[in-house]
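K.L.:
sequence plus predicted model, see below.
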Amino acid sequence: MAAGGFCKLPNGTVVVALNLPSPAADGPAGVRVLVHAQNRARALTRLRNLGLRAVYLRGNAAPPTPDEITAVLHHPDGLIWRTAPDTTVGGPELVHELWHPIRALLRRPTAQM
């Protein structure tokens, strides 16, 4: 189950944050995805339309931080991601990775000819 949360902004829109597990068992901890939308349902629909079908938001355990909200509001697509911090070893690590557009996460390697 993915941790996540949301924050309602003064203009009525929301920012939804989700921690998604890595598809590889030996891979990194997963990714943190941020979505800016009119409401929570539309935010999840945006992710499902990109192929992330089993994405649900239950509760508000990991809402977006003010820095995350600023990052997603300044991105033209309103949909970004970065590697989630590894919380299994001595608490959360500081994340120094930049945010990436969602198309970089969903890009599939092309076959070499």
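P.N.:
Here it is on my side, so go on.
K.L.:
CA only for contacts and neighbour counts going forward, please
P.N.:
Noted.
K.L.:
where are the low-confidence patches of this structure?
P.N.:
1-2, 22-29, 85-96, 107-113 (pLDDT under 70).
K.L.:
all strands for it, in order.
P.N.:
4-8, 14-21, 30-37, 79-83, 100-101 (DSSP state E).
K.L.:
which stretches of the chain form helices?
P.N.:
40-49, 66-73, 102-106 (DSSP state H).
K.L.:
okay, those in JSON lines with distance to Arg82 and mean neighbour count next?
P.N.:
Listed next are those as JSON lines, based on distance: least, CA to CA, whole Å; neighbours: other CA atoms under 10 Å:
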{"stretch": "helix 40-49", "distance to Arg82": "15", "mean neighbour count": "16"}
{"stretch": "helix 66-73", "distance to Arg82": "11", "mean neighbour count": "16"}
{"stretch": "helix 102-106", "distance to Arg82": "9", "mean neighbour count": "13"}
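K.L.:
the strands of the chain: which one's closest to Leu57?
P.N.:
strand 4-8 (6.3 Å; CA to CA).
K.L.:
follow-up on the earlier one: need the strands of the chain in TSV (columns: distance to Leu44 and mean neighbour count).
P.N.:
Converted to TSV, the strands of the chain look like this (distance: least, CA to CA, whole Å; neighbours: other CA under 10 Å):
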stretch	distance to Leu44	mean neighbour count
strand 4-8	11	20
strand 14-21	8	24
strand 30-37	8	23
strand 79-83	11	23
strand 100-101	16	16
